[in-house]
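Peer 1: Sequence unavailable; structure follows:
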C-alpha cells in the first residue's frame, strides 16, 4: 500500500476527478484565474491567452459533433467563417452594433446548420466527412465571388466607440475582447459539460455514437438528436467567428474560411482526448501555443504544419484517447512501448 | 421450446398482446425486399429463419419502425402500429436487440441500463425494472461500473437483453443474439433468451444457428427471397424435408 506521498501525478489527477464536485471546483477556480489573468499579463501575453481561449472554445464546439456524437465534421470551420461574414454584413450594411450582428449570425448559422444537417447527417463515416468538407469548400468559393462579402477584397469592420452595442464599453480594447472570449469559452465548456456529461441528452448522444441502430431500437430519435448536436456545435463556431472578426477588424474568405481552421479544431480535440470536456481544453492550449511559439521563435509558421501532421500520427498511433487518456491511465508507458516496437518491426527499423 | 418443456409451466399467466403484421410490403428506395408477408408473435419464441439476404432483418426493422412499410398493417393487441415511430413502438412494449447485441461500448453497464430506461418517467418504476434486470441477470450486479466494451461476449448479451428489459417491453425482437459468440457461449446466449420467456415475454428470434434455435422454438417462420415459405410449429417443419434441406441446411 502506498502512502499519500507515493501517489503519482496520474493518481492524484484520477483521485481529484473521482470526486463528485471536482469538475465544478475546477471550473470555478479556472474561471477566477482567467478573470484576473489579464491584470498579471502584458498586452502581448493577453493576446496569446485570448487566442488560446478562442481555440479552446472552437475545439470544444467541434468535439460536440466529432467527439460526443462521433460524426467527423470536416466542414465545421465554414460556420466560423459564415459567422464572421454575417456579423460583418449586419454591422457594415445594416449599420447595427456588434452584439446584434453576433446574435443574427448565431440565428443564421442555426438555420444553415439545420438545412445542411438534414441531408448530410443521413450519411456516416467518410461520406459525412467528405460531404461537410465539400460544403465548406463551396462556402469559401461563394464568399470569394459574392459582392456582399467583399469578394477577393475581403471585408473591413467598423471600429471605435459605440460599435459594440454594449453599454459602458467605449472603444473596444484588448481587455474587452479577452473577456468576450472568456465568456464565450466558459459558456461553451459549461454547456458541453451539462449537455453531454450530466443529462439524459448526453447519454442519448453517446448511445447513438456507439451503436446507432441499437439506440434507435430503444426509442431514441437518432436523426433529431444528431441534428440538435450539429446545430448547437455550428452556432458556437459561428459566435466565435463573429467575435474574432470584430477583434481582428478585417476578414478575407481565404483566412476565415480556410480548411486549416477545421483541421486545427480536430487535432486539438484529438490530441487532448475526443468526447471529453478536458480534451479540447488541453489540446487547444498545446496546439495554439505550438502555433504561436513556432511563429515567435522560428519567424514563420512553416514548421507548424509538419509538426501538426506529426502530432496527428503520433496521437492516433500511440495515444488514441489523447492526453486525457494518458492521465486517466487508459494508455500506459508499456502500451506506448509496445506500439513503438510493433511500428519499428513493421517498417523493419530494428 | 416444445409445449411440454418445464420452462413453460413457469411462464407468467398474463400473456403480452400479439404483435401481428399482415400483408407487409417494404424495401429500400425502389427495391422491394419484403413481398406480402404475414407474421405474428406466438406464445414463447417465434423463430424466423431463412437464407442470407432473404429479408429477415428488414422484416424485423419494419416491426420496430426503423424501416417504414409500403403496404400492410402492424398491430399490437388493439393498437395500430402501422405508421408508428420506433419511439412509439418501444413505449407500447416492443423492444429490439440488434445483431450482436449492440451494447454502447463507451458507457458503463449502469449507463447502458439507464439509456434503456429513458422511456420510464417514474423513478419507482425505473428502480423496479432495474431490480428485475439484476434479478434476471445477477452476474451484472458486480459489473455495473465497468465499461460495457470490457465485458465478455456473454456478459455483453446480458447487458443488451437487460437494457431492452429496462424499456418495460413484454415483446422482444432479437436479431441473431448468438452472432459473434464462440460456440461455447451460443448455448449461454439462448439460455438468456429463455429467461426472458420465463418471465412471460414473447420473443421473435432471427437466428442463423438453426439447430440450436429449433430446440427453443415454439413457432417457426421461414422467409425465402422476401416471401413467407413456412409458417407452423417445429413439429410441422420436420415434415417439410425440402425446406429443411434446401433453406436450413438440415
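Peer 2: Structure's in. What do you need? On a predicted model such as this, the values are computed, not experimentally measured, just so you know.

Peer 1: Could you use CA atoms for every contact and neighbour count after this?
Peer 2: Fine.

Peer 1: Phi, psi for residue B:108 please.
Peer 2: The phi/psi pair for residue B:108 (degrees, to the nearest 10) reads phi -80, psi 170.

Peer 1: For the closest residue to residue B:103 other than its chain neighbours, give its distance to residue A:150.
Peer 2: Closest residue to residue B:103 apart from its sequence neighbours, by CA to CA, 6 or more residues apart in numbering or on different chains: residue B:160 at 5.8 Å. Separation of residue B:160 from residue A:150 (CA to CA, to the nearest Å) stands at 56 Å.

Peer 1: likewise residue A:203?
Peer 2: 44 Å.

Peer 1: swap in residue A:320?
Peer 2: 42 Å.

Peer 1: Among those two, which residue is more densely surrounded?
Peer 2: Shown here are residue A:320 and residue A:150; by other CA atoms under 10 Å in any protein chain shown, residue A:320 has more neighbours (21 against 18).

Peer 1: show me the contacts for that one.
Peer 2: Shown in contact with residue A:320 (CA atoms under 8 Å, 6 or more residues apart in numbering or on different chains): A:270, A:273.

Peer 1: which residues touch the residue of the stretch 101-250 of chain A at minimum distance from chain B?
Peer 2: Nearest residue of the stretch 101-250 of chain A to chain B: residue A:219, at 3.6 Å (CA to the nearest CA). Neighbouring residues of residue A:219 by CA under 8 Å, 6+ apart: B:86-91, B:119.

Peer 1: change it to 7 Å
Peer 2: Listed by CA atoms under 7 Å, 6 or more residues apart in numbering or on different chains, the contact partners of residue A:219 are B:86-87, B:90.

Peer 1: swap in residue B:202?
Peer 2: Here residue B:202 is in contact with B:16, B:41-45, B:170-172 (CA under 7 Å, 6+ apart).

Peer 1: Got phi/psi on it?
Peer 2: phi -100, psi 140.

Peer 1: circling back: and which of the contacts of residue B:202 is nearest chain A?
Peer 2: Each of the contacts of residue B:202 was scored against chain A by CA to the nearest CA, and residue B:172 proved nearest at 10.7 Å.

Peer 1: before we move on, the earlier item: could you find the closest non-adjacent residue to the residue of the stretch 101-250 of chain A closest to chain B?
Peer 2: Residue A:219's closest residue in space is residue B:87 (CA to CA, 6+ apart), at 3.6 Å.

Peer 1: On the pLDDT front, check residue A:230 for me.
Peer 2: At residue A:230, the pLDDT value in this model is 98.

Peer 1: can I assume the residue nearest to residue A:219 sits in a helix?
Peer 2: Yes. Judged by DSSP: H, G, I helix; E, B strand; the rest coil, residue B:87 forms part of a helix.

Peer 1: Against residue B:94, how distant is it?
Peer 2: 10 Å.

Peer 1: got a list of contacts for the helix or strand residue A:45 falls within?
Peer 2: Element membership for residue A:45 (DSSP states H and E) is helix A:43-63. Helix A:43-63 is contacted by residues A:38, A:76, A:178, A:181-182, A:185, A:188-189, A:233, A:236-237, A:240, A:265-266, A:268-269, A:274-275, A:280-281, A:284-285, A:288 when judged by CA under 7 Å, 6+ apart.

Peer 1: Quick one: mean pLDDT for it?
Peer 2: 95.

Peer 1: Verify the stated contact: residue A:65 with residue A:71.
Peer 2: Yes. The pair residue A:65 / residue A:71 is scored as a contact, 5.7 Å apart, by CA atoms under 7 Å.

Peer 1: Of the two, which one has the most company?
Peer 2: More crowded of residue A:65 and residue A:71, by other CA under 10 Å: residue A:65, with 26 against 22.

Peer 1: buried set for the longest helix anywhere in chain B?
Peer 2: When chain B is parsed with DSSP state H, its longest helix is helix B:183-198. Under the neighbour-count criterion of 16 or more other CA atoms under 10 Å in any protein chain shown, helix B:183-198 has B:185-190, B:192-198 buried.

Peer 1: and residue B:87 and residue B:94? which has more neighbours close in?
Peer 2: residue B:94 (28 against 20).

Peer 1: what's across from the more buried one in the sheet?
Peer 2: Under DSSP bridges, the beta-bridge partners of residue B:94 are residue B:171.

Peer 1: Could you check the pLDDT of it?
Peer 2: The predicted local confidence for residue B:94 is 94.

Peer 1: for the stretch 101-250 of chain A, what spans make up the strands?
Peer 2: Applying DSSP state E, counting those that start in this stretch to the stretch 101-250 of chain A gives strands spanning A:155-156, A:250-251.

Peer 1: any chance of these in TSV, with distance to chain B too?
Peer 2: Formatted as TSV, the strands of the stretch 101-250 of chain A follow (distance: least, CA to the nearest CA, whole Å):
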stretch	distance to chain B
strand A:155-156	45
strand A:250-251	41
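
Peer 1: Run through chain B and note the low-pLDDT ranges.
Peer 2: Applying pLDDT under 70 to chain B flags the ranges B:1-14, B:246-250.

Peer 1: So for stretch A:42-62, what gets flagged as buried?
Peer 2: With burial defined by 16+ other CA under 10 Å, the residues of stretch A:42-62 counted as buried are A:46-62.

Peer 1: Could you check how many residues crowd around residue 147?
Peer 2: Since you didn't name a chain, this refers to chain A. Around residue A:147 there are 12 other residues, counting by other CA under 10 Å.

Peer 1: wrong one, I was asking about chain B
Peer 2: Neighbours around residue B:147, by other CA under 10 Å: 18.

Peer 1: ok, what's across the strand from it?
Peer 2: Those that pair with residue B:147 in a beta bridge, by DSSP bridges, are residue B:108.

Peer 1: My understanding was that it contacts residue B:108; is that so?
Peer 2: Yes. With contact defined as CA under 7 Å, residue B:147 counts as touching residue B:108 (4.0 Å).

Peer 1: Give the intersection of the neighbour lists for those two.
Peer 2: By CA under 7 Å, 6+ apart, no residue touches both residue B:147 and residue B:108.

Peer 1: circling back to that earlier point, between the contacts of residue B:202, which sits nearest residue A:251?
Peer 2: Nearest to residue A:251, judged by CA to CA, of the contacts of residue B:202 is residue B:172 at 57.1 Å.

Peer 1: Can you get me a residue count around the closest one?
Peer 2: 26.

Peer 1: cool, and residue B:111?
Peer 2: Quick note: residue B:111 (other CA under 10 Å) scores 20 neighbours.

Peer 1: sec struct for it, please.
Peer 2: Under the three-state scheme (three-state DSSP), residue B:111 adopts helix.
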